[in-house]
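Engineer: Make a model of this:
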Amino acid sequence: MVLRIAAADLRRVFLHLQGLSDPPARRVGPGELCDLVDRLGFVQVDSINTVTRAHHQILFSRNQTYRENGLTRLLERDRALFENWTHDAAVIPSSAWPYWRHRFERQRERLKARWTNWQGGDFHDEIDRVRDHIVENGPSRGRDFDGERERKEPGWWNWQPGKTALEYLWRTGEIAVTARENFAKIYDLAERVIPREHFSREVSHADFVDWACREALARLGVATPGEIAAFYDLVKPEEAKAWCAARVGDTVLPVEVDFGRDMPRRAGFARPDIEALVAEAPEPPARVRTLSPFDPVLRDRKRAERLFGFSYRIEVFVPAPKRTYGYYVYPMLEKDRLIGRIDMICRRAEGELLVTAFWPERGIRLGEGRLARLEAELARMARFTGMDRVRLADGWRRDPAG
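Structural biologist: Prediction:
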């Protein structure tokens, strides 16, 4: 018989696997922080800094003792992490570098063809020029190659040839991010950045597919082949489907998730210890927590909507008059429920965290206890971002979302 799992149990297991059921005030050192990134699989990096950048928010939401310099140390000094690409830019445990080699190989011809067509026929020469410069001069950045060219508005569509060549060499593993300065990437040869024991190691294609699928399922608990493939964006959906079929009864268990709410059950595959996880996974803490829009719990928007009943999209690229909520609105988690979304910004010159709006989900009341928990989280966010106070704008309490 196929094992049936209730959505409420899967939510609890998923939040536990994603580090959101741990005591949020337990102090973490460099080793524990590295373990946390490894537990998540990767942490997405994003430049938007209305309150704090996504990678810092993801880690802070799991542990309120986290500070930004902890991640910098692991990346730039200890080299326990590296930056590259999953479905987007991310920090990844350096031990995963041998598996990323397979992604680099897949990207090499695809990106060269696409970006040569975009940048022009001399793009191959530009790649050689940038590579040779880094070999001879060491750590380099975009302005080292395009400083004399006409400045354009920021955005990937306006990348200069040197910047595009850097991105190509980075995404194909020839160079790596060695540091950041004012969030701008500084690159060096990958062999000078990635620890030798990881850089020199190679794995077969079969071992690569097995690792990518197994590690994705370990962090999702239960997933479809498509969700497994999308987790790291390393393997193709058909590879994940074949892996699941070959591992039934060994590495995976066929299951059905019962979502209730008049939704059909959904077939998938689970870790072999899923029944023990359902029995033992703890309840998440009661405190309210701010999640990044790029949090791994929310990254797969359709899965999050099925699992949490929470529909979310980021409106950064939506023209302001057409936004439903705001430019960069944070989901708010309480126990295992996403209770609303909040629009806030650090006004750094004034030293205040300004909350412009909070939209509760339908059925969520801001009673005395929940309001106190929300205010406590806002106070934590203010301290983390170095703000002196929280200010609630007039009319900040809005009608329920949806």
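
Engineer: For the stretch 1-150 of the chain, which segments are assigned as helices?
Structural biologist: Taking DSSP state H, counting those that start in this stretch as the criterion, the stretch 1-150 of the chain contains helices spanning 7-17, 30-40, 54-62, 68-76, 97-119, 123-137, 143-146.

Engineer: so which of those gets nearest residue 303?
Structural biologist: Judged by CB to CB, the one of these that comes nearest to residue 303 is helix 7-17, at 9.2 Å. (C-beta placed from N, C-alpha, C; glycine too.)

Engineer: quick one: the spatially most central residue of the chain and residue 277, what's the gap?
Structural biologist: What sits nearest the mean C-alpha location of the chain, by CA atoms, centre = their mean, is residue 44, with 2.9 Å. Taking CB to CB, to the nearest Å as the measure, residue 44 falls 25 Å from residue 277.

Engineer: before we move on, what about residue 313?
Structural biologist: For residue 313, the distance to residue 277 - CB to CB - is 30 Å.

Engineer: again with residue 41
Structural biologist: When residue 41 is compared with residue 277 (using CB to CB), they lie 17 Å apart.

Engineer: Please apply the same query to residue 84.
Structural biologist: Using CB to CB, residue 84 is found at 30 Å from residue 277.

Engineer: Please apply the same query to residue 264.
Structural biologist: To residue 277, residue 264 is 24 Å away according to CB to CB.

Engineer: Quick check on the two: which one has the bigger neighbour count.
Structural biologist: Neighbour tally, residue 264 and residue 277, criterion other CB atoms under 10 Å: the higher count belongs to residue 277, 20 against 8.

Engineer: which residues touch that one?
Structural biologist: Each residue near residue 277 by CB atoms under 8 Å, 6 or more residues apart in numbering is listed here: 13, 16-17, 221, 271.

Engineer: same check, this time on residue 127
Structural biologist: 112, 165, 168-169.

Engineer: Just give me the least confident of those.
Structural biologist: Per-residue confidence across the contacts of residue 127 is lowest for residue 112, with 76 (pLDDT).

Engineer: and the closest residue to residue 337 other than its chain neighbours, how many residues sit next to it?
Structural biologist: Taking CB to CB, 6 or more residues apart in numbering as the measure, residue 337 lies nearest to residue 308, with 7.1 Å between them; neighbours along the chain are not counted. Counted with other CB under 10 Å, the burial measure for residue 308 works out to 21 neighbours.

Engineer: next one: the one 4 residues further on
Structural biologist: Residues near residue 312, counting by other CB under 10 Å, number 18.
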